[in-house]
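Q: What shape does this take:
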Amino acid sequence: MSWSKARGRRLKAALVSGGLLAGVVAVSHGAPAQAVATKAPAGLSAFVNGTELHAHAVAVPDPKLANVNESFAVSAVNSAGLNSRLVSEVNDAIEPQPGKNAYARGGGVDVGVGSASPTNINGEPISLSIAESKSPTANPPYTDGLAVAPPTDNGNVQTIDLDGALDPVANASALGGRSATLWNPNYLFPTLGNPLTYGFGTAADAQLLNTGGLGQFGRFLEPVLSTDAPPTNSPDRNVANSQTFTYLVNNGDGTCGIASEIHMTVAPVNINLLGTTIEVAGDWVMKGVATGKPTGNKLTYGPSSAEGGTAVIRGIDDATGDILAALNLQDILGDTGLAEQLDGLDPLADVSVGADARAISPPNADGTATVPDDTSSPTISPTHVAGAADVVRLKIGSALAPLDLADIRVGHFEMDLRVPDGGVNCEIPVSKTLSVPVAQTGNDLTFQVKIPSDPNAVKPFPCDLTNVKVTDVLKLEKADNPSKPPHMDLVSGTGPHGETATVAGDKQSLTFANIGNWKPGDPPLVLTIKAHVPATSGTGIMHNEATATATAANCSGKNSILGNVIALISGDVTGVGTKFFGSDGVGLTGNIRGGGPISVTGTGVTPPVPVVQAAVLAVTGRNDSMYLLLALGALVTAFGGVGLRRRLRTNA
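A: Have a look, this model is predicted:
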């Protein structure tokens, strides 16, 4: 018998007699095991275009002789990055934004002469009062635009702005734009309760005879007469106004979808002495939601008077925001408007007034706009929601393609939302660490769970987590010998404030019914869970998973990194207030999930540690040098260098 074979047998005997193979249950590496929350996968996107007035003329196919957008708000979100050009129905584009996931642009007007894009006669871009934002930034808080703009302008860009200089007599601004973006490149969950993009464009704003102070953007707080909608009737609106915002919707099972809204108003007139706003042509709204689930997907655009319609004129109670009376375009023209009725003008002109939402009609390959089909339907599915609408559309020369004589849109709405099947992971980051990387039979071990894994991991979530519940479950991952699987018992659990966990009768799970609340800025809630491996346990891998659920409470724009944007959207324009950008709309308070918890899963399982692999290999009968080295590595890992030297001397 060779020396190598003899030493191999003695080493194999040492492994077996020392109990290494029989007494090792791999649980995980010693490094913290993070929750399954991950950054957003590819497939989550939104492209939104709201333009109060668009007109272009004489395109053959490009350049256009004239190209004008008044009061526009355009935005895009893409979890894979904004790496390609996005083009709207009327051939207005968002160019690639390398390294960015969110983009928003809002402005009072842009004008193009002799170009497909807005430029002056010298080919130079013309941008009057356009605010532009892109995210993420390299480090927290992952925002750009309104929230981080200098206090002197609050991120608001105006061509003309008195900024309260004539208070209390008169105040005015013209051709304004605002925008803001938010994207957390690590997790989606922290951006819940915040708009991912916000774009705003307006032609004019005026206030007369102030009886109060100055508010956000230097506006009169209590003017006798103004062209602003009442702050109680969200969102912020004034003359020839368009705005868009995109946000996550919580599906209630640890996943999220995406939603976008477009709002437009042509002319609100607020008469403070009567406590009433007379609003002409607005608030026109399109809203889309794509959840990735079989339910909850929709696209609405006031297609009927029963659903709100496309308002021609309405009266609003300034104190409550209630609609006192309204006359909608649908009340006059019917729910489908005048589109098919005007088909007799074809092919000389395409005319549509008050038509409901339809499918998007992308431009031709040569850049000319196509003729939308008003009889088509928007796309509404779990993974794709898309549609467009025009309050008024006049297109001349479509029969002369590629010559495009004129295309005029009053109130153009367009959105395209996409989400992966099943939604995207939207869970709170949770971490777990173990007292030892390897558990031996007959030994005890300890798990430590942190919720959240780190306070910075959940920024900028604007809510408290209340009534936090945690369950911890053991499951078999792998048995080296199916007839004798590994086994572990959960013994006890202690919460951050001394709470005691309830251990199940089979000791394979335990539950903390309520470990209290967590507020943004607080240290994590830390749980300690003790477990025991019986001496009779087999070898293999155990899977241990901690799941935390909680309710969002005390949600407030004051806690949000985009609080001033939330204030504008929710209708509290005098400050950030207590309103919250909710899961399926604006101005919500309380639970993100409408009363349900926010599901969070922290998983503490990783591939088997090397010691188990080495031990198994060492007793398979293979005794060449490679497996001897693996076995030595196993002994070093399990017992340390001193224990190894002693064991080798004992078995020599």
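Q: show me where the stretch 301-450 of the chain has helices.
A: Ranges of helices within the stretch 301-450 of the chain are 329-333, based on DSSP state H, counting those that start in this stretch.
Q: any chance you could map the strands in it?
A: Taking DSSP state E, counting those that start in this stretch, the strands of the stretch 301-450 of the chain run over residues 311-317, 323-328, 349-353, 379-380, 384-396, 404-418, 424-425, 431-434, 438-440, 444-451.
Q: Of all the ones you listed, which one is nearest residue 40?
A: Comparing the strands of the stretch 301-450 of the chain against residue 40 with C-beta to C-beta, the closest turns out to be strand 424-425 (5.2 Å). (Glycine included, C-beta is placed from N, CA and C.)
Q: so how far is that closest one off the chain centroid?
A: Centroid separation for strand 424-425 versus its chain: 10 Å, with C-alpha atoms, centre = their mean, to the nearest Å.
Q: what are the pairing partners of it, and which direction each?
A: Partners of strand 424-425 in the sheet, by DSSP bridges, are strand 255-271 (antiparallel).
Q: Okay, buried residues for the next helix or strand after the partner strand please.
A: The helix or strand immediately downstream of strand 255-271 is strand 276-290, counting by DSSP states H and E. Across strand 276-290, burial judged by 16 or more other C-beta atoms under 10 Å covers 276-279, 281-290.
Q: Do a quick rundown of the helices in the stretch 1-150 of the chain.
A: 3-17.
Q: tell me the two of the buried residues of strand 276-290 that are most distant?
A: Pairwise over the buried residues of strand 276-290, using C-beta to C-beta, the maximum falls at 276 and 290, 37.5 Å.
Q: contacts for stretch 452-462?
A: Here stretch 452-462 makes contact (C-beta atoms under 8 Å, 6 or more residues apart in numbering) with 32, 34-35, 140-143, 182, 184, 186-187, 189-194, 428-431, 518, 520-524, 555-563, 566, 580, 602.
Q: Tell me how far residue 469 lies from residue 459.
A: 23 Å (C-beta to C-beta, to the nearest Å).
Q: and what of residue 39?
A: 15 Å.
Q: For the two, indicate the residue with more neighbours.
A: residue 459 (20 against 14; other C-beta atoms under 10 Å).
Q: Could you check how many residues crowd around residue 325?
A: Counted with other C-beta under 10 Å, residue 325 comes out at 9.
Q: Now for the residue nearest to it when sequence neighbours are not counted: which residues touch it?
A: Excluding its sequence neighbours, the residue lying closest to residue 325 (C-beta to C-beta, 6 or more residues apart in numbering) is residue 315, at 4.8 Å. Listed by C-beta under 8 Å, 6+ apart, the contact set of residue 315 reads 276-279, 323-326.
Q: What does the pLDDT read for residue 315?
A: Note for residue 315: predicted pLDDT of 87.
Q: From residue 302, how far out is residue 312?
A: 12 Å.
Q: Name the residues contacting each of these two.
A: residue 328.
Q: and the two? which has more neighbours close in?
A: Set residue 312 next to residue 302 and count neighbours by other C-beta under 10 Å: residue 302 wins out with 24 against 20.
Q: quick one: that one and residue 310 touch, right?
A: Yes. Under the criterion of C-beta atoms under 8 Å, residue 302 makes contact with residue 310 at 5.1 Å.
Q: Please list all residues in contact with residue 538.
A: By C-beta under 8 Å, 6+ apart, the neighbours of residue 538 are 479-481, 484-487.
Q: Against residue 458, how distant is the residue nearest to it when sequence neighbours are not counted?
A: Among residues not flanking residue 538 along the chain, residue 484 sits closest, at 3.5 Å (C-beta to C-beta, 6+ apart). Per C-beta to C-beta, residue 484 is found 43 Å from residue 458.
Q: More neighbours: which of these two?
A: residue 458 (23 against 14).
Q: can you list the weak-confidence ranges in the stretch 451-600 of the chain?
A: 572-600 (pLDDT under 70).
Q: same thing with the stretch 1-150 of the chain?
A: Ranges of the stretch 1-150 of the chain meeting pLDDT under 70: 1-37, 58-66, 112-127, 147-150.
Q: how about the strands in it?
A: Going by DSSP E, counting those that start in this stretch, the stretch 1-150 of the chain shows strands at 24-26, 33-34, 45-59, 64-78, 86-87, 93-94, 102-113, 128-135, 143-145.
Q: any idea which element the spatially most central residue of the chain lies in?
A: Centroid check for the chain by C-alpha atoms, centre = their mean gives residue 248 as the closest residue, at 3.9 Å. Using DSSP H and E, residue 248 maps to strand 239-250.
Q: swap in residue 546?
A: strand 540-553.
Q: what helices or strands is that strand leaning on?
A: Secondary-structure packing of strand 540-553 (3 or more C-beta pairs under 8 Å, 6 or more residues apart in numbering; DSSP states H and E): strand 24-26, strand 444-451, strand 464-479, strand 525-532, strand 598-603.
Q: in the second one, what counts as buried?
A: Spelled out, it's strand 444-451. 445, 447, 449-451.
Q: ok, these vs residue 423, which is closest?
A: residue 451 (22.1 Å).
Q: Which strand residues bridge that closest one?
A: residue 525.
Q: ok, now which ones touch it?
A: By C-beta under 8 Å, 6+ apart, the neighbours of residue 451 are 428, 430, 465, 468, 470, 515, 518, 524-525, 527, 548, 550, 600, 602.
Q: Which PyMOL command selects the buried ones in those residues?
A: Applying 16+ other C-beta under 10 Å to the contacts of residue 451 leaves a buried subset, and the PyMOL line that selects it is:
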select buried, resi 428+430+465+468+470+515+518+524+525+527+548+550+600+602
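Q: what would the contacts of residue 451 look like in CSV with distance to residue 161?
A: Compiled in CSV, the contacts of residue 451 are given as follows (distance: C-beta to C-beta, whole Å):
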residue, distance to residue 161
428, 42
430, 47
465, 41
468, 47
470, 52
515, 51
518, 42
524, 45
525, 47
527, 54
548, 48
550, 44
600, 45
602, 50
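Q: Out of the contacts of residue 451, which comes closest to residue 393?
A: Nearest member of the contacts of residue 451 to residue 393, counting by C-beta to C-beta, is residue 428, at 45.7 Å.
Q: Would you list the phi and psi of that closest one?
A: phi -70, psi 130 (degrees, to the nearest 10).
Q: And for residue 80?
A: phi -90, psi 0.
Q: roughly how far apart are it and residue 138?
A: 19 Å.
Q: Ok, residue 546 next?
A: Following C-beta to C-beta, the distance that separates residue 546 from residue 138 is 32 Å.
Q: neighbour-wise, which of those two wins?
A: Under the criterion of other C-beta under 10 Å, the comparison of residue 546 against residue 138 puts residue 546 first, with 28 against 7.
Q: wait, what's in contact with residue 413?
A: 49-50, 262, 264, 284, 286, 301, 357, 387-390.
Q: Grab the nearest non-local neighbour of it.
A: Per C-beta to C-beta, 6+ apart, closest to residue 413 is residue 286, 4.2 Å.
Q: Bridged to the one you found, which residues?
A: residue 262.
Q: And for residue 104?
A: In beta-bridge terms (that is, DSSP bridges), residue 104 pairs with residue 75, residue 133.
Q: Count the neighbours of it for me.
A: With other C-beta under 10 Å as criterion, residue 104 counts 34.
Q: Sounds good, over and out.
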